[in-house]
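1. pasted the sequence and its predicted model underneath.
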Amino acid sequence: LVLEKMETKEESAEKAAETWGKAAAGKAGTGVEFRGRPLTFYEEKLKDGKEWERVQAARALGSFGREGAGATAELAKAATENDEELREAAVWSIGQMGVATGRAGVEVLTTALGDGSGKVRCMAAIGLEGMGAKAVSAIPQLIHALDDPENYVRTRAASALGSMGPSAEPAVGALAAKLMAKGEDGFVLLNVAYALGNIGPGAKQAIPALEHALATRRAEAAARAAILKIEGKSFARYHD
């Protein structure tokens with residue numbers, strides 16, 4: 001009786017990596033590459049690779065930045081699959097590609113704000129933050145995300161709204177209400193105050209809520225700066 005040695009997980013991964021390298025060598029082109037491999041290589045792995053290969057490929061596509069926007073459609077499909085790790089990777093990559101993904105990218109990230117995974121929802125909010133005013137269509141969902149059960153998602157939702165500047169004026173009421181919420185996380189309040197300040201004069205109705213936030217240690221400085229920005233007055237800048 002001959003017993004064959006079973007490969008360990010590490011040995012299997014090592015062989016797979018070697019195979020990826022050989023495949024990449026045959027596909028190398030003159031375009032932008034990541035780790036010596038062209039965009040098309042990762043797109044194919046995302047479509048037809050093994051489970052772990054698809055996750056790695058989804059992440060790798062984000063490393064192409066704007067140059068990887070051609071993979072938006074495949075990433076959009078991956079963002080709806082059952083594998084949480086794959087969804088998170090796909091949403092992250094679309095966020096890395098940013099506005100280059102166009103309306104399709106905004107729609108994927110907006111939909112992902114309702115994902116069952118807090119990590120995916122957070123990645124979606126981060127991606128929308130990077131798109132700024134180009135993602136105004138996501139404002140209703142971002143307002144809803146201000147009440148997300150995870151504080152890190154609420155924080156990022158506020159930041160995403162703030163990144164839109166005056167275009168986020170429809171969210172002023174919800175942001176002001178968040179400042180008045182009892183027991184809210186300090187980092188959430190901080191980013192809400194920043195968001196209102198970035199919206200500017202259009203957030204005038206939130207001044208009473210910002211004055212209320214002055215009593216909050218974490219948000220005090222941001223609330224004070226926001227009031228001055230809304231009133232069109234100069235203020236000390238602690239960061240750019």
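-> That came through, no problem. Numbering: from 1, shown residues only.

2. what is the least confident helix or strand in this protein?
-> Lowest on mean pLDDT, DSSP states H and E among the helices and strands of the chain sits helix 9-27, with a mean of 45.

3. and the helix or strand that that one is followed by, what other elements does it pack with?
-> Next along the chain after helix 9-27, taking DSSP states H and E as the criterion, comes strand 33-34. Helices and strands touching strand 33-34, as assessed by 3 or more CB pairs under 8 Å, 6 or more residues apart in numbering; DSSP states H and E, are absent. C-betas here are computed from N, CA, C, even on glycine.

4. what's the average pLDDT for strand 33-34?
-> Averaged across strand 33-34, the pLDDT comes to 92.

5. sheet partners, orientation included, of that strand?
-> Paired neighbours of strand 33-34 in the sheet (DSSP bridges): strand 37-38 (antiparallel).

6. which parts of the helix or strand immediately after the partner strand in the chain are buried?
-> Scanning forward in sequence from strand 37-38 by DSSP H and E, the next helix or strand is helix 39-48. Buried residues in helix 39-48, counted by 16 or more other CB atoms under 10 Å: 39, 41-43, 45-46.

7. same check on stretch 204-224?
-> Residues 206-207, 209-210, 213, 216, 218-219, 222-224 are the ones in stretch 204-224 that count as buried (16+ other CB under 10 Å).

8. stretch 97-109 too?
-> 97-98, 100-101, 105-109.

9. cool, and stretch 125-143?
-> Buried residues in stretch 125-143, counting neighbours by 16+ other CB under 10 Å, are found at 125-132, 134-136, 138-139, 141-143.

10. how about stretch 193-201?
-> By neighbour count with 16+ other CB under 10 Å, stretch 193-201 contains the buried residues 193-200.

11. check stretch 111-122 too.
-> The neighbour-count check on stretch 111-122 (16+ other CB under 10 Å) flags 111-113, 115, 119-122 as buried.

12. and stretch 82-95, by the same measure?
-> Of the residues in stretch 82-95, those buried by neighbour count under the rule 16+ other CB under 10 Å are 85-95.

13. give me the contact list for that stretch.
-> Residues from elsewhere that reach stretch 82-95 (CB atoms under 8 Å, 6 or more residues apart in numbering): 51, 54-55, 58-59, 61-62, 68, 71-72, 75-76, 78-81, 101, 105, 108-109, 112, 115, 117, 119-120, 123-124, 126-128, 130.

14. what does stretch 198-206 give?
-> Outside of stretch 198-206, the residues within contact range by CB under 8 Å, 6+ apart are 161-166, 168-169, 171-173, 175-176, 179, 196-197, 226, 229-232.

15. from the buried residues of stretch 111-122, pick the one nearest Asn151.
-> Proximity of those to Asn151 (CB to CB) peaks at Cys122, which lies at 10.3 Å.

16. centre of the chain to the strand or helix carrying that closest one, how far?
-> Using DSSP H and E, Cys122 maps to helix 118-131. Helix 118-131 sits 2 Å away from the centroid of its parent chain (CA atoms, centre = their mean, to the nearest Å).

17. picking up where we left off before, so which of the buried residues of stretch 204-224 are in helices?
-> Counting by DSSP state H, the buried residues of stretch 204-224 place 207, 209-210, 213, 222-224 in helices.
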